[in-house]
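# Sequence plus predicted model, see below.
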Amino acid sequence: AQSVTQPDIHITVSEGASLELRCNYSYGATPYLFWYVQSPGQGLQLLLKYFSGDTLVQGIKGFEAEFKRSQSSFNLRKPSVHWSDAAEYFCAVGGGAAGNKLTFGGGTRVLVKP
Amino acid sequence: DVKVTQSSRYLVKRTGEKVFLECVQDMDHENMFWYRQDPGLGLRLIYFSYDVKMKEKGDIPEGYSVSREKKERFSLILESASTNQTSMYLCASSSTPGRANQETQYFGPGTRLLVL
């Protein structure tokens, strides 16, 4: 069964500092991987996704993520955070074969200090 | 822009009440989903539907049912609400049947349900 672990429940970062959110997945084949963001009072919005090809994926809002098969990881990064990046971030894995289910991690809440 | 709307942002219900949560999407998507979001547990799939009148159980269907009579509308029903169903409920949609695990899902703002 596929699974996703986000080891950090909370992260606090200063505005302008870099941010890295960890995501580890368990899946038998090459997965489809996603990062979603949930701003306060809002639904989830897709930041980026990885299917195949270049392992460094660029997303919206200046985010990027790197797929590392050997480490079963898909970590999200941003070089310089803005106060508006305070939100909860979810990593999700879908199967390599067509199907209907996404499995989400537990989420990481990011707080941004001025 | 894809828009997914949910009928209520906040609901307070009593134990044993029948509760209806409504979701509407305006992008002619085939797939619709109901998730439950709890702190530390992320999102867990309750039910999804890939066509009108079609539904499949997700990971935690117990205590819930769904209805999809029209393509744009997907309802979640709590037949007899219990306190352990206090949670945030998120609706989502995506376009292609059979490929929901590979494509972007579009989410509504959520309904925060409190069962007393």
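Thanks, I have the structure now.
# Run through the residues of chain A sitting next to chain B.
Counting by Cβ under 8 Å from any Cβ of the partner chain, the residues of chain A lying close to chain B are A:4, A:6, A:9, A:32, A:34, A:36, A:41-46, A:49, A:51, A:90, A:92, A:94-95, A:98-102, A:104-107. Every C-beta, even on glycine, is put in place using the N, C-alpha and C of the backbone.
# Might you list the low-confidence residue ranges for chain B?
Flagging of chain B using pLDDT under 70 yields the residue ranges B:1-2.
# need the longest strand for it.
Taking DSSP state E as the criterion, chain B has its longest strand at strand B:42-51.
# one step back: which ChimeraX command selects the buried ones in the residues of chain A next to chain B?
Typed into ChimeraX, the next command selects the buried ones out of those (criterion: 16 or more other Cβ atoms under 10 Å in any protein chain shown):
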select /A:4,6,32,34,36,43,44,46,49,90,92,94,95,100,101,102,104,105,106,107
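# separation between the residue nearest the centre of chain B and B:Leu43?
Nearest to the geometric centre of chain B sits B:Trp34, at 2.4 Å (Cα atoms, centre = their mean). Using Cβ to Cβ, to the nearest Å, B:Trp34 is found at 10 Å from B:Leu43.
# Give the residues shared as contacts by those two.
Taking Cβ atoms under 8 Å, 6 or more residues apart in numbering or on different chains as the criterion, B:Trp34 and B:Leu43 both touch B:Leu90.
# before we move on, the earlier item: which residues sit against the helix or strand harbouring the residue nearest to the centre of chain B?
Here B:Trp34, judged by DSSP states H and E, is contained in strand B:31-38. With contact meaning Cβ under 8 Å, 6+ apart, strand B:31-38 is reached by A:100, A:104, B:21, B:23, B:25, B:43-50, B:58, B:60, B:64, B:66, B:68, B:74, B:76, B:87-97, B:100, B:105, B:110.
# From those, list the buried ones, please.
Using 16+ other Cβ under 10 Å as the burial test, the contacts of strand B:31-38 include A:100, A:104, B:21, B:23, B:25, B:43-50, B:58, B:64, B:66, B:68, B:74, B:76, B:87-95, B:100, B:105, B:110 as buried.
# beta partners of residue 37?
Going with chain A. For A:Val37, the beta-bridge partners are A:Gln45, A:Tyr89 (DSSP bridges).
# actually chain B
So, taking DSSP bridges as the rule, B:Gln37 has B:Leu43, B:Met88 as bridge partners.
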